[in-house]
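Trainee: model the structure of this input:
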Amino acid sequence: MRGEEARKLDQIVSKAMEKSGAPGVSLATIEEGEVTYARGFGARDLERNLPTTPNTLIGIGSCTKSYTCLAAMMLVQEGALTLDTPIRDLLPVDLGFRDSPITVKHLMSHSSGLPSLGMANVLIEKESLGGHTLPLTSDEDFYSFLNGASQHVECRPGESYYYCNAAYTLLGLLVEKLFGATLEEVFRSRIWEPLDMKRTTMLQGQFQSDPDHMTAYYLKEGKPVKSRHPFHPLIYAPGGILSSALESCNYLNMYLGNREPLVDEDLLA
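Mentor: Numbering: from 1, shown residues only. Model (predicted):
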C-alpha cells in the first residue's frame with residue numbers, strides 16, 4: 001500500500017474511532033497474498049495506557065461463524081454428513097415441522113426458522129457484566145431452552161432469512177459430536193495450526209496469559225467502561241474466537257486462494 005493510501009486509511013479509522021468511541025482498533029490489509037498494511041490504533045488497556053497493535057488478540061465476534069461453517073464443511077468432505085442432513089437425526093432437537101426438517105444448510109444460512117430468543121445476549125450479559133440471567137450452564141440447558149420455544153418458530157425452514165445465533169450454537173454442537181472433540185480442539189487442530197495461527201484461541205487462560213491482548217469495554221453514556229470478555233461454550237460457535245489482525249490475514253489468504261485450501265475449493269464457494 002502506497003504512503004498516501006495508508007495515510008487516508010489512517011484518517012478513516014481515526015474518524016470512525018472518534019465517532020464510535022472505540023478505545024482501540026487493529027487493522028491489516030492484504031494485496032496478492034501479502035500484508036501491505038498493519039497498524040494498531042488507540043489503546044488495548046486504557047488504565048495502563050497499553051497500545052493496540054496488529055498483534056493484539058481481539059474478539060472477532062460473528063466472524064467466528066465462518067470458522068464453524070468451515071469445520072462443518074470438513075465433515076461434509078469426509079462424508080460424515082451432508083448439507084441436507086436433518087439436525088434432529090444427530091441432536092436432541094424437537095423443533096420445527098415434521099414434514100420439513102431443519103438441515104445443516106438451514107443452520108449455516110440463517111434460514112432455519114429457529115427463534116433467536118436473545119440467548120447470546122443473555123450469556124454475554126451474564127459473562128461480561130455479571131448479571132443474573134437464565135441458568136444456561138450446559139448443553140442440556142440449551143436444548144431444553146430451545147425445545148421449549150417451539151411456539152416462537154419464525155417460519156418453515158428455507159422460507160426466509162432470520163439471523164440466529166442459536167442456530168450456530170447447534171451447528172457447533174453438531175461439529176463437536178461428529179469430531180468427538182471440543183470446538184476449540186477442532187479449530188486448533190484443523191484450522192489454526194495448519195494456517196500458522198498459534199495465538200488464536202477461545203480459551204480464557206490462553207487469552208489472558210498472552211502479553212498482547214485486549215481489555216473488554218462497553219460504552220456507558222458515550223464513555224468506555226471496563227468489562228469482562230464473555231467466555232462460555234454456548235457462544236463459542238457463533239462468536240467466541242479471539243485473534244489478531246495479522247493472524248486473521250492467514251485465514252483470509254486461504255479463502256483468497258493464496259494458501260492451500262483446508263477443504264476442496266468447490267466447498268469454499
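Trainee: what comes up buried for the helix or strand containing Ile30?
Mentor: Remark: Ile30 resides in strand 24-31, with elements defined by DSSP states H and E. Neighbour-count burial for strand 24-31 flags 24-30 (criterion: 16 or more other CB atoms under 10 Å). Every C-beta, even on glycine, is put in place using the N, C-alpha and C of the backbone.
Trainee: so what's the residue nearest to the spatial centre of the chain up against?
Mentor: By CA atoms, centre = their mean, the mean C-alpha position of the chain lies nearest to Thr64, the distance being 2.0 Å. The contact partners of Thr64, taken as CB atoms under 8 Å, 6 or more residues apart in numbering, are 236-241.
Trainee: could you measure from it over to Arg88?
Mentor: Taking CB to CB, to the nearest Å as the measure, Thr64 falls 25 Å from Arg88.
Trainee: sorry, back to before: show me what whichever helix or strand comes after the strand holding Ile30 is packed up against.
Mentor: As assigned by DSSP H and E, the chain's next helix or strand after strand 24-31 is strand 34-45. If you count contacts as 3 or more CB pairs under 8 Å, 6 or more residues apart in numbering; DSSP states H and E, strand 34-45 packs onto helix 3-20, strand 24-31, strand 50-51, helix 245-255.
Trainee: now the ones you listed as CSV including distance to His106 and mean pLDDT?
Mentor: Output for those, formatted as CSV (distance: least, CB to CB, whole Å; pLDDT from 0 to 100):
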stretch, distance to His106, mean pLDDT
helix 3-20, 33, 94
strand 24-31, 32, 97
strand 50-51, 43, 98
helix 245-255, 23, 97
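Trainee: let's have the ones you listed in a markdown table, adding distance to Ile60.
Mentor: As requested, the helices and strands packed on strand 34-45 are exported to a markdown table (distance: least, CB to CB, whole Å):
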| stretch | distance to Ile60 |
| --- | --- |
| helix 3-20 | 17 |
| strand 24-31 | 10 |
| strand 50-51 | 20 |
| helix 245-255 | 7 |
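Trainee: so which of these is the most packed in?
Mentor: helix 245-255 (a mean of 19; mean count of other CB atoms under 10 Å).
Trainee: give me the angle between that one and strand 24-31.
Mentor: 30 degrees (axes from the mean of the first three to the mean of the last three CA atoms, to 10 degrees).
Trainee: please report phi then psi for Gly61.
Mentor: As for Gly61, its main-chain torsions (degrees, to the nearest 10) stand at phi 60, psi -130.
Trainee: and it, what does it touch?
Mentor: Neighbouring residues of Gly61 by CB under 8 Å, 6+ apart: Gly239.
Trainee: at 10 Å instead, please
Mentor: Residues in contact with Gly61 (CB atoms under 10 Å, 6 or more residues apart in numbering) are 238-241.
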